[in-house]
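*Asks:* fold the following.
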Amino acid sequence: MVERRSVYVSCGEHELHVSTWGDEGKPALIMWHGLARTGRDFDEAAIALSDDYFVICPDTLGRGLSSWAKDAATGYTFATYGAHAEAILDHFGVTTLRWIGTSMGGLIGVTLAAGALKGRITHLVVNDIGPWIPEEAAGRIRDYVGSPPSFDTIGEMEHWLRTSYAPFGQNSDVFWRRMADTSSRRKDDGRVTVHYDPQIVSQFTLHKSDLDCWPAWDAIGAKTLLLRGAQSDVLPKAVASEMCERGPKPELVEFAGVGHAPTLATNDESRLLRAFLA
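*Replies:* Below you'll find the predicted structure:
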């Protein structure tokens, strides 16, 4: 069984938590999670791919075990996340890499592949996100991320996660229990809430311009794969089709019975990723 390692990386005034898998001497693969998630969402894929890659799964600033921004207006931006990605690569001595990004992690990868890491990201997987997000979908995300609930027990928290993230599709009980374990923290009153800073919602209030990524998309030179949940409201079919005709002109793979976003946790999904990354 491949063991996960827990690493803490200093990024200026912040400390980021990073889970790593596999041999550091192998080609590097970063897997970057979505808006309100953590790097632990990728455990299954990281284990599967760690025989060929050194897999790096960060918790973004304000999520998981990483520190929180002192100022949401300047901390929770793609510019900050990009700088942190570069700091993580420097920490591990990585020069070239492959990138898999789900939702927000996909857009961070897009902006880096077109900018600061252009030429260094050789393969880019964009999981269920596009350079334009419909306002209805953005509003749905803004509402649930910005007003996190609290519960008396982890069991109640797990039930809420299974309901709120039902668009993830069918996943194992092990997946959902780990999601509850890695998504929860205790408040001062002992109740359980989500493991992120509610101010990360500023992505949809203060920093909406970060989400307009068509210019970056058109500038990508990396080999690119686009994944989409067939019922996704975040990546409409029309936007995915336009993405396939512009920029890196990726292959599009859709997952039936899934919304936003595919978890990449099954053996079939790992085989798909392995074939593309090779």
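*Asks:* using PDB, write out every CA atom in the helix or strand that contains residue 88.
*Replies:* In this structure, residue 88 sits in helix 78-92 according to DSSP states H and E. Output of helix 78-92 as PDB, limited to C-alpha atoms (Å, rounded to 0.1, in the frame of the first residue of the first chain):
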ATOM      1  CA  PHE A  78      -5.600  33.200  -8.500                       C
ATOM      2  CA  ALA A  79      -2.500  35.400  -8.400                       C
ATOM      3  CA  THR A  80      -1.800  34.200  -4.800                       C
ATOM      4  CA  TYR A  81      -2.600  30.600  -5.600                       C
ATOM      5  CA  GLY A  82      -0.300  30.700  -8.600                       C
ATOM      6  CA  ALA A  83       2.500  32.100  -6.400                       C
ATOM      7  CA  HIS A  84       1.900  29.300  -3.900                       C
ATOM      8  CA  ALA A  85       2.000  26.700  -6.600                       C
ATOM      9  CA  GLU A  86       5.400  28.000  -7.700                       C
ATOM     10  CA  ALA A  87       6.600  27.900  -4.100                       C
ATOM     11  CA  ILE A  88       5.500  24.300  -3.700                       C
ATOM     12  CA  LEU A  89       7.400  23.400  -6.900                       C
ATOM     13  CA  ASP A  90      10.500  25.100  -5.700                       C
ATOM     14  CA  HIS A  91      10.200  23.300  -2.300                       C
ATOM     15  CA  PHE A  92      10.300  20.000  -4.100                       C
END
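*Asks:* quick check: buried residues in it?
*Replies:* Neighbour counts over helix 78-92 (16 or more other CB atoms under 10 Å) mark 78, 80, 81, 82, 84, 85, 86, 88, 89, 91, 92 as buried. (C-beta placed from N, C-alpha, C; glycine too.)
*Asks:* for residue 120, state which of the residues you listed is nearest.
*Replies:* For those, the closest approach to residue 120 (CB to CB) belongs to residue 89, at 7.9 Å.
*Asks:* which residue is the nearest non-sequential neighbour of that closest one?
*Replies:* Nearest residue to residue 89 in three dimensions, chain neighbours excluded: residue 97, at 6.8 Å (CB to CB, 6 or more residues apart in numbering).
*Asks:* can you give me the neighbour number for residue 44?
*Replies:* For residue 44, the neighbour count with other CB atoms under 10 Å is 20.
*Asks:* wait, residue 145
*Replies:* For residue 145, using other CB under 10 Å, the count is 18.
*Asks:* and it, what does it touch?
*Replies:* By CB atoms under 8 Å, 6 or more residues apart in numbering, residue 145 lies in contact with 35, 36, 196, 198, 200, 201, 204.
*Asks:* count the neighbours of the residue nearest to residue 89 for me.
*Replies:* If you count neighbours by other CB under 10 Å, residue 97 ends up with 22.
*Asks:* OK, contacts around it?
*Replies:* Contacts of residue 97 (CB under 8 Å, 6+ apart): 27, 28, 29, 30, 89, 117, 120, 121, 122.
*Asks:* CSV for the buried residues of helix 78-92, including pLDDT and distance to residue 213?
*Replies:* Converted to CSV, these look like this (pLDDT from 0 to 100; distance: CB to CB, whole Å):
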residue, pLDDT, distance to residue 213
78, 95, 9
80, 96, 16
81, 97, 13
82, 97, 12
84, 98, 18
85, 98, 16
86, 98, 18
88, 98, 21
89, 98, 21
91, 98, 26
92, 98, 26
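*Asks:* and which of those is nearest residue 40?
*Replies:* Among the buried residues of helix 78-92, and counting by CB to CB, the member closest to residue 40 is residue 88, at 16.0 Å.
*Asks:* show me the contacts for the closest one.
*Replies:* Here residue 88 is in contact with 9, 11, 16, 18, 30, 56, 58 (criterion: CB under 8 Å, 6+ apart).
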